[in-house]
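> here is a sequence together with a model predicted from it:
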Amino acid sequence: MLPTPDVKDVDYDLVYEPSEDTFLLLDTLEEEQQYIREKFAGKVPLAVEVGVGTGIVSTFIQKHILPSSILVGVDVNPNACATMVRTMQQNMNAGVEEPRVSDTVQMSLLSGFRDKCVDLLVFNPPYVPAESVPGLPASAGDSSWLEVALDGGEDGMAVTWDLLHNLDDILSPASGVAYILFCARNKPDQIASTMRQKGWKVDTVGHRKAGWEVLSILRFTT
């Protein structure tokens, strides 16, 4: 079992705390590591995590799954962006052989990225059903950043559909792969069916019951 990155000195009133969904992502990426490495053999892939939280998943990817990747973490929460940088610094060993290039960007989804450039995409979205998607807080110290990390609007899918509808413009056409987490209330089977009708190959690669919630991770490839 690959070690989980350490996360220290985090204000969990402002940044989403690693939970069952986070650990399901880590376990799934570990199980998928051979598939991912073979997919990007011989190239330096661009790996992007949307919604980095503490940065534990991004750190795990670059430390254990794709050590030579260029990794970018994206989050609308400035506290999450700063925390990801610290988590990376706390966990990456100095003097490693593999060049490690990572950065974080405060932005919404992937609106500023060049089309069809992302090789590996990982997204733990705000998936909790709510009346609406909350607006962005006015300041970095506003505790309602946690609502932004959790509440996904109708069926918990408003934010995720924004990304899925643009997935063809996000992933690299030859080898791009996306891992996206869903809860049962998001109706992942219906989502998979809809995306297959659009030409995507969709596989359930992670599944776990976490208390009253049932979580799944779907893998999307062309």
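Here it is on my side, so go on.

> buried set for stretch 140-153?
Across stretch 140-153, burial judged by 16 or more other Cβ atoms under 10 Å covers 142, 145, 146, 147, 148, 149, 151, 152, 153. Backbone N, C-alpha and C define where each C-beta goes, glycine included.

> ok, now how distant is the fourth one from residue 45?
Applying Cβ to Cβ, to the nearest Å, the value for residue 147 to residue 45 is 33 Å.

> for the last one, same thing?
As defined by Cβ to Cβ, residue 153 lies at a distance of 31 Å from residue 45.

> the third one now?
Separation of residue 146 from residue 45 (Cβ to Cβ) stands at 31 Å.

> now swap in residue 57 and tell me
Separation of residue 57 from residue 45 (Cβ to Cβ): 16 Å.

> do residue 212 as well
37 Å.

> comparing those two, which residue is more hemmed in?
residue 45 (22 against 6; other Cβ atoms under 10 Å).

> buried sites along the longest helix seen in the chain?
As assigned by DSSP state H, the longest helix anywhere in the chain is helix 78-91. Neighbour counts using 16+ other Cβ under 10 Å place 78, 79, 80, 81, 82, 83, 84, 85, 87, 88, 91 of helix 78-91 among the buried residues.

> chain center to that helix, what's the gap?
15 Å (Cα atoms, centre = their mean, to the nearest Å).

> can you show me the CA trace of that helix as CSV?
Below are the C-alpha coordinates for helix 78-91, written out as CSV (Å, rounded to 0.1, in the frame of the first residue of the first chain):
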residue,chain,number,x,y,z
PRO,A,78,-7.5,30.7,-2.3
ASN,A,79,-7.0,28.8,1.0
ALA,A,80,-7.0,25.5,-0.8
CYS,A,81,-4.5,26.7,-3.3
ALA,A,82,-2.1,27.9,-0.5
THR,A,83,-2.7,24.6,1.4
MET,A,84,-1.9,22.5,-1.6
VAL,A,85,1.5,24.3,-2.0
ARG,A,86,2.3,23.6,1.6
THR,A,87,1.3,19.9,1.4
MET,A,88,3.5,19.4,-1.7
GLN,A,89,6.4,21.0,0.1
GLN,A,90,5.9,19.0,3.2
ASN,A,91,5.8,15.6,1.4
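
> which elements pack onto that helix?
Applying 3 or more Cβ pairs under 8 Å, 6 or more residues apart in numbering; DSSP states H and E, one finds that helix 78-91 makes contact with helix 56-60, strand 70-75, strand 101-106, helix 145-150.

> this completes my enquiry, with thanks.
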